[in-house]
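**Student:** Need the 3D shape of this:
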Amino acid sequence: MPLDEALGIRPHQNSSDELVRLGCLFSLFVPYELAAWLLGQFSGLQVSASSLWNWVAHHGQAALAELTEQLAQHQAGQPIEPESLDKHLAALPLLIAADGVMVPMRPYPKTAKGKTVWREVKVGVLARLGTRLTRPGQSAPQLLQRRVVAILGTLEQFIPMLTLEAHRQSVESVPQVIWLSDGGQGLWRVYRQCFAHCASYP
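**Tutor:** All right, here's what the predicted structure looks like:
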C-alpha cells in the first residue's frame, strides 16, 4: 500500500519500529517481564515478554549478520566507512582500552538450574575524553564519546572486532592514540599487533 510504504511499514508488520526499538532497549537492561511492563507504561500498549524475546532474537541475529559481513570486508582489505564526527570530537585523542572480565553464565540455556559457570569476556573500549570546569573552577576529564566491543571468545576472535571499530573511529588519522591495559601479556600482544605504530601509552 502506498501509505504503508510512505510510513516505512513492511508487509505483515504488526508493531512500529519505534516500539520495537524501545522494547529491545528495555530488554537489554532488565528481565523480559519487567521490560514488557516498562514498555506498557511508556507506550500504553500491552506487549508480552515472549514478543520482546522474539524482537531481541530477530534484531540480534540481524546485527550479528551485519557484523559478520563487515568483519569479512575488513579482513579482505576493503575500506571501512568511518563514523561521522564533528570537528571537535575528531580533533581529540582516541583512547583504546582492553581487558578481560569474568561473567557468570547459566550452565544450561533458558534455565537457571545448575551451578553458575564463570567465563571470560574480552572487552574493548574506544573513547574520546574532553575537559569540563567544576564548580570550584578546576578542570576535570569528561567522557564525550564511547564505543564498546566485547566477545566471549579468544584473542584471535577479539582482535578483528577491536580493529574494525578502531578503523570506524579513524584510528589512522586521529592526532593521538593512547593504549590502556593492565599487565596481561595477551592484551599487550593486541597492542603490538594492531596499534603499536600509532599509539602511545603512559
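
**Student:** rest of the way, CA atoms for contacts and neighbours
**Tutor:** Fine.

**Student:** who does whatever helix or strand Arg128 lives in touch, helix- and strand-wise?
**Tutor:** Assigned by DSSP states H and E, Arg128 belongs to strand 117-133. Helices and strands touching strand 117-133, by 3 or more CA pairs under 8 Å, 6 or more residues apart in numbering; DSSP states H and E, are strand 94-105, strand 139-151, helix 155-168.

**Student:** Nearest approach to Glu66 belongs to which of those?
**Tutor:** Closest to Glu66 of the helices and strands packed on strand 117-133 is helix 155-168 (CA to CA; 12.5 Å).

**Student:** pLDDT (mean, whole number) over that closest one?
**Tutor:** The pLDDT scores in helix 155-168 average 94.

**Student:** go on, stretch 128-137?
**Tutor:** Rounded mean pLDDT across stretch 128-137 is 88.

**Student:** measure that stretch end to end?
**Tutor:** 22 Å (CA to CA, to the nearest Å).

**Student:** partner strands of the strand holding Arg128, parallel or antiparallel?
**Tutor:** With DSSP bridges as the test, strand 117-133 is paired with strand 94-105 (antiparallel), strand 139-151 (antiparallel).

**Student:** can you put those strands in JSON lines and add distance to Ser173 and mean neighbour count?
**Tutor:** Formatted as JSON lines, these follow (distance: least, CA to CA, whole Å; neighbours: other CA atoms under 10 Å):
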{"stretch": "strand 94-105", "distance to Ser173": "10", "mean neighbour count": "18"}
{"stretch": "strand 139-151", "distance to Ser173": "17", "mean neighbour count": "13"}
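
**Student:** possible to save the ones you listed as JSON lines with distance to Gly124?
**Tutor:** Shown next, in JSON lines, are those (distance: least, CA to CA, whole Å):
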{"stretch": "strand 94-105", "distance to Gly124": "4"}
{"stretch": "strand 139-151", "distance to Gly124": "5"}
